Structures are given as structure tokens and as C-alpha cells.
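J.: What would the 3D arrangement of this be:
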Amino acid sequence: MSDQKKMAIIATKGSLDWGYPPFILASTAAALGYDCEVFFTFYGLQLLRKKLDLQVTSLGNPGMPMPMPMPVLLQALPGMQKMMTVMMKKKMAAKGVSDLGDLRELCQEAEVRMIACQMTVDLFDMDTSEFIDGVEYAGAAAFFEFAGESDICLFI
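T.: Sure, this is the predicted structure:
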């Protein structure tokens, strides 16, 4: 048995704001010498697409800080999600937050193992040619082997 620490992450969300935690945590763990594996399932599979066209919305996210109070009805208007996504990307760039694609690439370079849930790929009839190179495809049982031996296991 290896003395190398392990971290397992389950990524289930595919929006811009939910895309950052798995890649930040995985790249940090890899930099600290952890053997790291991320299992992408359901909407988290969006994070594996070559073209990251992710958005953010405040709907259903009452903790999202808004620059000004905005009633839910206004947030639901057509175009608001696009506008909020543009605002969030500008704010991140202004604060020096890395682009999500860059963080994902950093994980690839650090040899973070990225596993797409085969059941979900099949369920949604996803075209795997749209996914980045190096993605592995497996079911939950295969991930459990790694997760069961991990020092840290996170559900995001």
C-alpha cells in the first residue's frame, strides 16, 4: 500500500460557478502531492466538454451576492442569465481568478484522473467526441475502489 495521500471528488454540477470547486480542489491536491481522481456525473459532465460554454444564474441560489437587490421575477427575465454570466466572468477576470479552462488544463497536466460516469453519458446520449482528451469512462463501482481508499472524499 502506498503512503501517497488520495483525494476523491464527485462533481455533479455543470454551471460556471459550480465548475470551479472541483478543479481548484483537484489541482491544489495534486500540487500538494495527492493522488487525485474526479468522478463527473449528471450535469457535472458539462465540465468535460472541449468547449466550456457554461453560465451562472442566481435563480435557486439565494447566497449569490448581487451588486444590487434584484427581485426573483427580474432574475427570471430572458437574457438575465447571459448578463449575469458576463458580469461574473468580468468580475473574475478583474480579481485575477483563473479561467475555468485553464484550471481544467492544470488538472490534466498534474495527472488528475478524470472519470466520466458511463451511465450518465449513456442516459443523456452524450457525444464523447465533444469531451476533452484523457477522460476515462467508468461506472460508480470503479470510482468506489479509489474513493474507498481515499483520505479525503468530497461531493460537489
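
J.: All the helices of the protein, residue numbers only.
T.: 16-31, 72-75, 80-94, 100-109, 118-123, 140-147 (DSSP state H).

J.: Packed most tightly, which of those helices would that be?
T.: Mean neighbour count (mean count of other C-beta atoms under 10 Å) peaks for helix 16-31 among the helices of the chain, with a mean of 20. Just so you know, the C-beta spots here come from the backbone N, C-alpha and C atoms, and that holds for glycine as well.

J.: In the protein, what helix or strand scores lowest on average pLDDT?
T.: Least confident element among the helices and strands of the chain, by mean pLDDT, DSSP states H and E: helix 72-75 (a mean of 60).

J.: Spatially central residue in the protein, please.
T.: residue 19 (3.2 Å; C-alpha atoms, centre = their mean).

J.: List the contacts of it.
T.: Contacts for residue 19 (C-beta atoms under 8 Å, 6 or more residues apart in numbering) come out as 13, 46-47, 52, 54, 100.

J.: Reformat those as JSON lines; add distance to residue 135 and pLDDT.
T.: Output for the contacts of residue 19, formatted as JSON lines (distance: C-beta to C-beta, whole Å; pLDDT from 0 to 100):
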{"residue": "13", "distance to residue 135": "17", "pLDDT": "95"}
{"residue": "46", "distance to residue 135": "13", "pLDDT": "97"}
{"residue": "47", "distance to residue 135": "10", "pLDDT": "98"}
{"residue": "52", "distance to residue 135": "14", "pLDDT": "94"}
{"residue": "54", "distance to residue 135": "17", "pLDDT": "93"}
{"residue": "100", "distance to residue 135": "16", "pLDDT": "95"}
